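*Asks:* fold the following, please.
(4 chains)
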Protein chains: 2
Amino acid sequence: MENLREMFQIMTRRFGLLDKNCCSVGGRDISIIHSHILYEIDNQHNPSMQQVADALGTDITTFSRQVQSLVKMNLVKKSPLPEDKRVYILSLTTEGKLVATTIDQQMNTYLNDVFSHMNEFEKETVIRSIKLLNEAMAKTSNCCTIPMR
Amino acid sequence: MENLREMFQIMTRRFGLLDKNCCSVGGRDISIIHSHILYEIDNQHNPSMQQVADALGTDITTFSRQVQSLVKMNLVKKSPLPEDKRVYILSLTTEGKLVATTIDQQMNTYLNDVFSHMNEFEKETVIRSIKLLNEAMAKTSNCCTIPMR
DNA sequence: AATAAATACTTGCATATTGCAAATAAACTT
DNA sequence: AAGTTTATTTGCAATATGCAAGTATTTATT
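*Replies:* Predicted structure coming up:
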């Protein structure tokens, strides 16, 4: 049986490079970290700082500063939560939403590009497999869900 | 049809976290970058600096310094190439080889852990799918193979 | 109600990582 | 022999990191 790790190493490296090079929106380059933060804010329902930082596995102090810069770039808004004044709720500004959507499109375009090299059956198989993999990883406690090991 | 990007985002995040937390070998923590460099040196045949840096998509100047620190840690050896004195060939020291092997084992253990949540058929399907995916990505020129777009 | 403990977030600091520009040194081109 | 390309290193300035310590607020304990 072939080396499992090698396959996954190659795959994750490719996606890592994709992330690294993606994306430039409206002439401005968005770093990986920033794009992941935008994605996560967009996908959670009124998340707090802590929630997003946890989801991304980023140290909260680093995260705090990343958010500060996104706020300066006018992509993210920090709103104090009335019920608990310690908490800030994150949301995307109109511009941030636009950037997030554009990145999403670019990623989907790339993925469709990749799938265009497969037939319909293979494509369905791969998509189903990624789902299976995600579910299995979610069940694997000793790494990579929150909280970490 | 569900959102393709979301599935892949989740998957790559999980593998990213895995990478980030993996691995500690003999009491010393190995960073992602270092573990990827060790992996790549181990898998290529007497690679030069440039070759490894290219494979990893790392800027050569950053890479040069990373290798310097790996040499200091006594994990990597840099040997001048007699035929072309501009070139340095990279190899793992005995200790580096041990570290690389240990990381490999840890990763394989984790992967087997993940696959233990699937039946044999699902497992085979997923493995075949990752292969398909890697092949398709290799054919997709506009990103994430070398040279980059 | 007063004090202690926990939680959410920010700042100080010291260290590490990044990549561009420029330098060196060796190999090819003409 | 002079000019160009290639492989690698260093200078530097910008950015990212995470621990320790700080502020502010909420929850728990007495």
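*Asks:* centre of the chain to stretch A:43-60, how far?
*Replies:* On the basis of C-alpha atoms, centre = their mean, to the nearest Å, stretch A:43-60 sits 11 Å off its chain's mean C-alpha point.
*Asks:* for stretch A:100-115, same thing?
*Replies:* How far stretch A:100-115 lies from its chain's middle: 13 Å, per C-alpha atoms, centre = their mean.
*Asks:* who's in contact with that stretch?
*Replies:* Surrounding stretch A:100-115, the residues in contact under the criterion C-beta atoms under 8 Å, 6 or more residues apart in numbering or on different chains are A:18, A:22-23, A:25-26, A:30, A:35, A:38-39, A:41-42, A:92, A:123, A:126, B:3-5, B:8-9, B:133, B:136-137, B:140, B:142-143. For every residue, glycine as well, the C-beta is placed using N, CA and C.
*Asks:* so what strands line up beside the worst-scoring helix or strand of chain A on mean pLDDT?
*Replies:* Lowest mean confidence among the helices and strands of chain A (mean pLDDT, DSSP states H and E): strand A:28-29, at a mean of 80. With DSSP bridges as the test, strand A:28-29 is paired with strand A:24-25 (antiparallel).
*Asks:* quick one: contacts of stretch A:39-46?
*Replies:* Contacts to stretch A:39-46, defined as C-beta under 8 Å, 6+ apart, come from residues A:47, A:51-52, A:55-56, A:76, A:89-92, A:96-97, A:100, A:103-104, B:6, B:9.
*Asks:* ok, A:R13 - how many residues close by?
*Replies:* By other C-beta atoms under 10 Å in any protein chain shown, the residues close to A:R13 number 21.
*Asks:* typo on my end, A:F121
*Replies:* Residues lying near A:F121 (other C-beta under 10 Å) number 8.
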